[in-house]
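Q: what's the 3D shape of this:
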Amino acid sequence: MKKNTKPVDLLLITWNRREYLEKTIDNLLADPTDFRLYCWDNASEDGTQDIIASLNDPRIVKKHFSKENIKQRAPTLWFFEEAKSDVVGKIDDDILLPHGWTDVIAPLIRDNNQFGRLSCWNYMEDDWDEELAANKIIDVNGTKIFQNMWVGGTSFLSRLDHLTPFIQPENMGYGFPIDQYSMTKAGLINGYPLPMLFAHHMDDPRSKHCLMNKTGVVGEQGSVTARYFGFKDPDEYGRWIADDAKNTLIEPVKKQIKRVDIQRDQSLTGKVRRKLENKLGWVI
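A: Residues are numbered from 1 along each chain as shown. Now for the predicted structure:
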């Protein structure tokens, strides 16, 4: 493995996630890897701000405390303006990352201009099945990549100049505001380098750390995805994640692209195809 000689810049956005953030930060700062962390708090009221304010690790270079919860787009644009590195990334406030992950991924991105967003696997480790995923594993100049049209925003790295052309307008999406569909259509490769790097997503109901399991409801402290899709309880959300992981392993990238083509096609043909897809359950 080539040593990552230049520090990467990482963005962490948080809002009222103190219990998760404490574990995330403790694990992150125990990693001896060199990086620069930019923290954005979206007007937390549960002690999260106090945790961020108290951090004094020299790798934490910026702390911003917003007066309101403005979600992810504005903090991302702020980060892109502030970042000093050619390679940047984002980590969530509820993720336990494998130590050294940036030293694995950053050199790959710097050495190969084909790579878009490369990530750690953020489903459960048991969800990964290399045999099932075999048809989506590609070789890029000697580096094996499990390719997918998108990777989760919980932990990834990319070249900064590969992200800025694909910033989504304000009315698109609900999470990190980068259009991975358009990145893939432009020829960039998103995915996961092998051997797989496993991150532990604490907000997955199958995790022993998941706070939703304490209350039995998703609630306002549930993940952005869980709230966006309106899951009624953690069990339903956990089953959906497991199914999503399996679909990610087997659904070809071309089919993923075609599905979004249909979703974004506002012509009469596109509307008919969407109705048929919803009725039949497969992409035509």
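Q: CA only for contacts and neighbour counts going forward, please
A: Fine.
Q: And the strands in this structure?
A: Taking DSSP state E as the test, the strands found in the chain are 8-14, 35-41, 60-65, 87-91, 95-96, 115-119, 137-140, 143-147, 155-159, 189-193, 200-201.
Q: What strands line up against the fourth one, and which way round?
A: Strand pairing for strand 87-91, determined by DSSP bridges: strand 8-14 (parallel), strand 155-159 (antiparallel).
Q: can you check the last one too?
A: According to DSSP bridges, strand 200-201 has the following sheet partners: strand 95-96 (antiparallel).
Q: One more: the second one?
A: Paired with strand 35-41 in the same sheet, following DSSP bridges, are strand 8-14 (parallel), strand 60-65 (parallel).
Q: so which of those strands gets nearest residue 98?
A: Ranking these by their distance to residue 98 (criterion: CA to CA) puts strand 8-14 first, at 14.9 Å.
Q: Go ahead and measure how far the closest one is from the middle of the chain.
A: For strand 8-14, the distance from its own C-alpha centre to the chain's C-alpha centre is 11 Å (CA atoms, centre = their mean, to the nearest Å).
Q: Now it - C-alpha only, CSV.
A: These are the backbone C-alpha positions of strand 8-14, laid out as CSV (Å, rounded to 0.1, in the frame of the first residue of the first chain):
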residue,chain,number,x,y,z
VAL,A,8,-7.0,14.8,3.1
ASP,A,9,-9.8,17.3,4.2
LEU,A,10,-12.9,15.8,5.8
LEU,A,11,-16.3,17.3,6.5
LEU,A,12,-18.5,16.3,9.4
ILE,A,13,-22.0,17.7,9.7
THR,A,14,-24.0,17.1,12.8
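Q: still on that earlier bit, same list, the strands of the chain, but as TSV with mean pLDDT, mean neighbour count and distance to residue 21 please.
A: Below are the strands of the chain laid out as TSV (pLDDT from 0 to 100; neighbours: other CA atoms under 10 Å; distance: least, CA to CA, whole Å):
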stretch	mean pLDDT	mean neighbour count	distance to residue 21
strand 8-14	98	23	8
strand 35-41	98	23	11
strand 60-65	98	16	14
strand 87-91	98	24	11
strand 95-96	98	24	9
strand 115-119	98	27	20
strand 137-140	98	14	33
strand 143-147	98	19	29
strand 155-159	98	25	14
strand 189-193	98	24	24
strand 200-201	98	23	12
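Q: can you redo those strands as TSV with distance to residue 183?
A: TSV is the format used below for the strands of the chain (distance: least, CA to CA, whole Å):
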stretch	distance to residue 183
strand 8-14	20
strand 35-41	24
strand 60-65	28
strand 87-91	16
strand 95-96	25
strand 115-119	7
strand 137-140	17
strand 143-147	13
strand 155-159	11
strand 189-193	8
strand 200-201	25
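Q: before we move on, back to that, export the strands paired with strand 87-91 as a markdown table, with columns for distance to residue 24.
A: A markdown table is the format used below for the strands paired with strand 87-91 (distance: least, CA to CA, whole Å):
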| stretch | distance to residue 24 |
| --- | --- |
| strand 8-14 | 10 |
| strand 155-159 | 12 |
